[in-house]
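Chemist: Got a predicted structure here, sequence first:
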Amino acid sequence: MAARKNSKKTTVSGEELLKYYREMLLIRRFEEKAGQLYGMGLIGGFCHLYIGQEAVVVGLEAAAEDGDERITSYRDHGHMLACGMDPKGVMAELAGRATGYSKGKGGSMHMFSREKNFYGGNGIVGAQVPLGTGMAFANKYLENGRVSFTYFGDGAANQGQVYESFNMAELWQLPVVYVIENNQYAMGTALRRASSTPELYTRGEAFNIPGEAVDGMDVLAVKRAGEKAVAHCRAGKGPYILEMKTYRYRGHSMSDPAKYRSRDEVQKMREEHDPIDHIRSLILKGKHATEEDLKAVDKDVKAIVNEAAEFARTSPEPAPEELYKDIYAEA
Amino acid sequence: MAIEILMPALSPTMEEGTLAKWLVKEGDTVQSGDILAEIETDKATMEFEAVDDGIIGRILVPEGSEGVKVNTPIAVLLEDGEDASAVPAPASSAAAQTVAPAEQSQTTTRPTEPAVVPATAAPAPTPDWPDGTEMNEQSVREALRDAMAEEMRRDEHVYLMGEEVAQYQGAYKVSQGLLEEFGDRRVIDTPITEQGFTGVGIGSSFTGLRPIIEFMTFNFAMQAIDQIINSAAKTLYMSGGQLNVPVVFRGTNGAAARVGAQHSQDYAAWYAQIPGLKVAMPYSAADAKGLLKTAIRDPNPVVFLENEMLYGRSFEVPALDDFTIPFGKARIWREGQDVTLVSFGIGMQYALEAADKLAEEGISAEVIDLRTLRPMDTGAVVRSVMKTNRCVTVEEGWPVCSIGNHISAVLMQQAFDYLDAPVINCTGKDVPMPYAANLEKLALVTTEEVIEAVKSVTYK
Ligand SMILES: Cc1ncc(C[n+]2csc(CCOP(=O)(O)OP(=O)(O)O)c2C)c(N)n1
Ligand SMILES: [Mg+2]
């Protein structure tokens, strides 16, 4: 884990800190709820929780501007909430309901929002990387000044199409921030068992793409790194790689025997590096809010999540006719 | 009286073999019990002994001949005093392939394709092991694991490679215990890099290894399909027969449950289209085991399509040290008179369920499991339809250019006069797999649809 030495130096307003706290907490509580609903049979199939990694998306969203795009893997609930998608629509999609973002037809791994410039959710490891690069291609083509945030995992970082993308992105100077969410495991495979080098941020060196390792458990460090990367892209200097050192607390998906790591390892990470605890203590130490204030935030967030769950539970399943709809766009 | 010596069957499932070596020559005197030849079966090289005394009058099949069918005459044994010249030379011996060199000719003649299996009289359901063989209950998952383990013990060149196959024991636990037994030289965890490790596997086969490449699911093999088709399926042909590719590509295929459009796809029809590939898609545990062992021994690339929903299902598996099931031989699960149900893989579940329910209504369905899609035992289907005059195919894949479409075409060409109704193909619906529970049910083929199709073709 990279050091956190810089986080105290920055001057961030209390308001801002509270905003991050709230956003990260929303993801955490939402995911906990999703886990519960899965257990109750309301959510099926694969369900990959984002718990532990909240600081990554919240920090990067803080560095993004309106119109910037994002695309990620199947571990996508956090990204959707962080970019402002409605928790009700996300939860309803998880439950396969007509009111979900994909009318119940996509599920956990396949949700999209054109309105929020969220382009999925991809179930094929690594496949989103060329797609995100293509969105950056369009940005340059259209000269719209936007940046594409293209997220992928440490495991995905070994897919060939990642490097095909890197080459084109640098060759054509495309405005894309490649965010490697290094949570240290790809299913049951620890990074060191799958990668010839542990430093994923150096993976762009052969292409001349600058890269940086970031403490992905520190939302402020993430935000700063994001701002730097985005500035690079917007200045027309091409792509930038951010390796977020982070950790997933839960299993890979819902059924994961988790024999590949020890309980202690997970426990230590939760106790010593939890991104939400970290910002919470910054808020309290800086006297930006009281325990009472934070409790009120917790209560608020819980209400939002409960409402989302209730909405999902009570929404209808898609109509049978939906089976044959949306296969072709109207000409 | 001269005695014909016939190609022996040396295992319950042997249909043909290689006459590796003659240990006698024409004119030799042999006694019962003398070793005449070495014969390679699909399982091993075995010595073949003389049954009678006499003199080797004529050797009909030279050593090195491959694919010699069981019961083909391979030599003639003379009694004392009999003259070899008295023995008429056989008109043509299948294995003695002295092909006249093709003349350089200006006219291009179209070569004919090898004939499909001829439609002859319908045989009884074909057992793949001797009657009375002891049977054990085993899950498909265990059967697959045992098949790999047995072949890895048998041949040092066989290794298993894929994502999470070693330390994790397989994403679906199919490779449970293999790392422990064979070590990390032969059971290898790869990074998530399908195109890469598929190519690495194929390359390793060029120089003598026999990899089993596991795809966590066949959905991810789409990352590697270029290697499977362009590098594995076509290389023997492109190299003029020099470079064969003995690789097995295996993993789970088709819909699981609620895993959405990108993770629920049946590739049977895709791979079945590719010349140079063999494609197996077992339903039962015994077939899974016997076919996987055959696949591993096959000198060609084999796509082996498993099904997650079947992994945990138990079936009877013969308690034999070693058995294989040949490719291109369908299994008749149930004999019937009124309609032929043709399926494979998970589709068999619907076909068999439908047959049970139809029986209650007095409709007798014959149920055929194709088991391998390339080669495909269309002969078995044609023979059955000649009897039942009706056919319904069942598969989970999409309807357009499906396996069922192919069977329909074969029946139209080879059994047109026998058909009393158009063939109906029951398939998955023509849509990407939806996530919602109710829509997913609608997208899959169902037993009810099979029953309805049977009633329609039997005009009930
Ligand atoms: C092409 C492909 N291969 C394999 C899989 C199966 N699979 C799903 S997630 C995963 C691990 C990915 O790990 P990583 O990229 O580190 O992302 P994380 O799950 O840690 O967020 C694997 C192997 C897949 N979905 N797609
Ligand atoms: Mg990971």
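Modeler: It's in. Ligands and ions are numbered 1, 2, ... in the order given.

Chemist: next one: phi and psi at the nearest residue to residue B:206 once chain neighbours are set aside?
Modeler: Using C-beta to C-beta, 6 or more residues apart in numbering or on different chains and skipping residues adjacent in sequence, the residue nearest residue B:206 is residue B:243, 6.0 Å away. In this view, the C-beta of every residue, glycine as well, is placed from N, C-alpha and C. Note on residue B:243: backbone dihedrals following degrees, to the nearest 10 are phi -120, psi 100.

Chemist: Next one: residue B:243, what pLDDT does it get?
Modeler: At residue B:243, the pLDDT value in this model is 95.

Chemist: That one touches residue B:235, doesn't it?
Modeler: Yes - between residue B:243 and residue B:235 there is a contact at 5.1 Å, judged by C-beta atoms under 8 Å.

Chemist: tally of neighbours for the closest residue to ligand 1 within the stretch 201-331 of chain A?
Modeler: Residue of the stretch 201-331 of chain A nearest ligand 1, by C-beta to the nearest ligand atom: residue A:252 (5.7 Å). Neighbourhood size, residue A:252 [other C-beta atoms under 10 Å in any protein chain shown]: 24.

Chemist: now it: how far from residue B:278?
Modeler: For residue A:252, the distance to residue B:278 (C-beta to C-beta, to the nearest Å) stands at 33 Å.

Chemist: Ok, residue B:295 next?
Modeler: Following C-beta to C-beta, the distance that separates residue B:295 from residue B:278 is 7 Å.

Chemist: For those two, list the residues in contact with both.
Modeler: B:302, B:327 (C-beta atoms under 8 Å, 6 or more residues apart in numbering or on different chains).

Chemist: The most centrally placed residue in chain A: helix or strand, and which one exactly?
Modeler: Compute the mean C-alpha point of chain A, and by C-alpha atoms, centre = their mean the closest residue is residue A:79, 3.9 Å away. Following DSSP states H and E, one finds residue A:79 within helix A:77-82.

Chemist: that older thread, and the residue nearest to residue B:206, what does it touch?
Modeler: B:206, B:235, B:236.

Chemist: Could you list the low-pLDDT ranges of the chain?
Modeler: Using chain A. Chain A contains residues with pLDDT under 70 at A:1-10.

Chemist: I was thinking of chain B, sorry if that wasn't clear
Modeler: Using pLDDT under 70, the flagged stretches of chain B are B:9-15, B:32-33, B:41-47, B:51, B:83-109, B:114-126.

Chemist: which residue sits farthest out from the middle of it?
Modeler: residue B:81 (47.6 Å).

Chemist: Could you check how far it is from chain A?
Modeler: Distance, residue B:81 to chain A, by C-beta to the nearest C-beta, to the nearest Å: 74 Å.

Chemist: quick one: that residue from residue B:402, how far?
Modeler: 65 Å.

Chemist: now do residue A:24
Modeler: 49 Å.

Chemist: same deal with residue A:280?
Modeler: The value you get for residue A:280 to residue B:402, if C-beta to C-beta is used, is 57 Å.

Chemist: These two: which is more packed in?
Modeler: Legend: neighbour count by other C-beta under 10 Å for residue A:280 and residue B:402, higher for residue B:402 (22 against 19).

Chemist: For that one, list the residues it contacts.
Modeler: B:269, B:393, B:395, B:425, B:427.

Chemist: The first one against residue B:399, yeah?
Modeler: In other words, residue B:269. No - with contact taken as C-beta under 8 Å, residue B:269 and residue B:399 are classed as non-touching, separated by 9.9 Å.

Chemist: Give me the more crowded residue out of these two.
Modeler: The neighbour count for residue B:269 versus residue B:399, taken as other C-beta under 10 Å, is higher for residue B:269 (21 against 16).

Chemist: circling back to that earlier point, out of the contacts of residue B:402, which are close to ligand 1?
Modeler: The overlap between the contacts of residue B:402 and the neighbours of ligand 1 (C-beta under 6 Å from any ligand atom) is empty.

Chemist: how about the residues you listed in CSV, adding secondary structure?
Modeler: Shown next, in CSV, are those (DSSP: H, G, I helix; E, B strand; the rest coil):
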residue, secondary structure
B:269, helix
B:393, strand
B:395, coil
B:425, strand
B:427, coil
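
Chemist: ok, and the most crowded of the residues you listed?
Modeler: In the contacts of residue B:402, the most neighbours by other C-beta under 10 Å go to residue B:395, 32 neighbours.

Chemist: could you measure the residue nearest to it when sequence neighbours are not counted against residue B:146, distance?
Modeler: Spatially, and ignoring its direct neighbours in sequence, residue B:395 is nearest to residue B:347 (4.6 Å; C-beta to C-beta, 6+ apart). Residue B:347 is 24 Å from residue B:146, where distance means C-beta to C-beta.

Chemist: Also residue A:31?
Modeler: 40 Å.

Chemist: Name the residue in these two with the higher neighbour count.
Modeler: Remark: of residue A:31 and residue B:146, residue A:31 carries more neighbours, 24 against 18, as counted by other C-beta under 10 Å.

Chemist: residue contacts, that one?
Modeler: Here residue A:31 is in contact with A:49, A:50, A:51, A:77, A:78, A:250 (C-beta under 8 Å, 6+ apart).

Chemist: Also residue B:382?
Modeler: Contacts of residue B:382 by C-beta under 8 Å, 6+ apart are B:119, B:410, B:411, B:414, B:415.

Chemist: likewise residue A:198?
Modeler: So residue A:198 contacts A:191, A:192 (C-beta under 8 Å, 6+ apart).

Chemist: Any figure for the gap between it and ligand 2?
Modeler: Going from residue A:198 to ligand 2 by C-beta to the ion, to the nearest Å gives 13 Å.

Chemist: swap in residue A:331?
Modeler: 41 Å.

Chemist: And for residue B:55?
Modeler: The value you get for residue B:55 to ligand 2, if C-beta to the ion is used, is 74 Å.

Chemist: can you check residue A:237 too?
Modeler: 28 Å.

Chemist: So that residue is in contact with residue A:173, correct?
Modeler: Yes - Residue A:237 sits in contact with residue A:173 when judged by C-beta under 8 Å, with a separation of 6.9 Å.

Chemist: Quickly list what's touching both of these two.
Modeler: Common neighbours of residue A:237 and residue A:173 (C-beta under 8 Å, 6+ apart) do not exist.

Chemist: returning to that earlier point: help me confirm that the residue of the stretch 201-331 of chain A closest to ligand 1 comes into contact with residue A:183.
Modeler: No - Residue A:252 is beyond contact range of residue A:183, at 9.7 Å (criterion: C-beta under 8 Å).

Chemist: need the strands for the stretch 51-200 of chain B, in chain order.
Modeler: B:54-59, B:65-69, B:73-78, B:135-139, B:158-162, B:187-189 (DSSP state E, counting those that start in this stretch).

Chemist: try the stretch 1-150 of chain A
Modeler: Counting by DSSP E, counting those that start in this stretch, the strands of the stretch 1-150 of chain A are A:69-71, A:148-153.

Chemist: ok, now the stretch 151-300 of chain A?
Modeler: Using DSSP E, counting those that start in this stretch, strands in the stretch 151-300 of chain A cover A:176-182, A:185-186, A:189-190, A:211-215, A:240-245.

Chemist: could you dump the ones you listed to JSON lines with mean neighbour count and distance to ligand 2?
Modeler: Shown next, in JSON lines, are the strands of the stretch 151-300 of chain A (neighbours: other C-beta atoms under 10 Å in any protein chain shown; distance: least, C-beta to the ion, whole Å):
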{"stretch": "strand A:176-182", "mean neighbour count": "29", "distance to ligand 2": "7"}
{"stretch": "strand A:185-186", "mean neighbour count": "23", "distance to ligand 2": "5"}
{"stretch": "strand A:189-190", "mean neighbour count": "20", "distance to ligand 2": "9"}
{"stretch": "strand A:211-215", "mean neighbour count": "21", "distance to ligand 2": "15"}
{"stretch": "strand A:240-245", "mean neighbour count": "26", "distance to ligand 2": "11"}
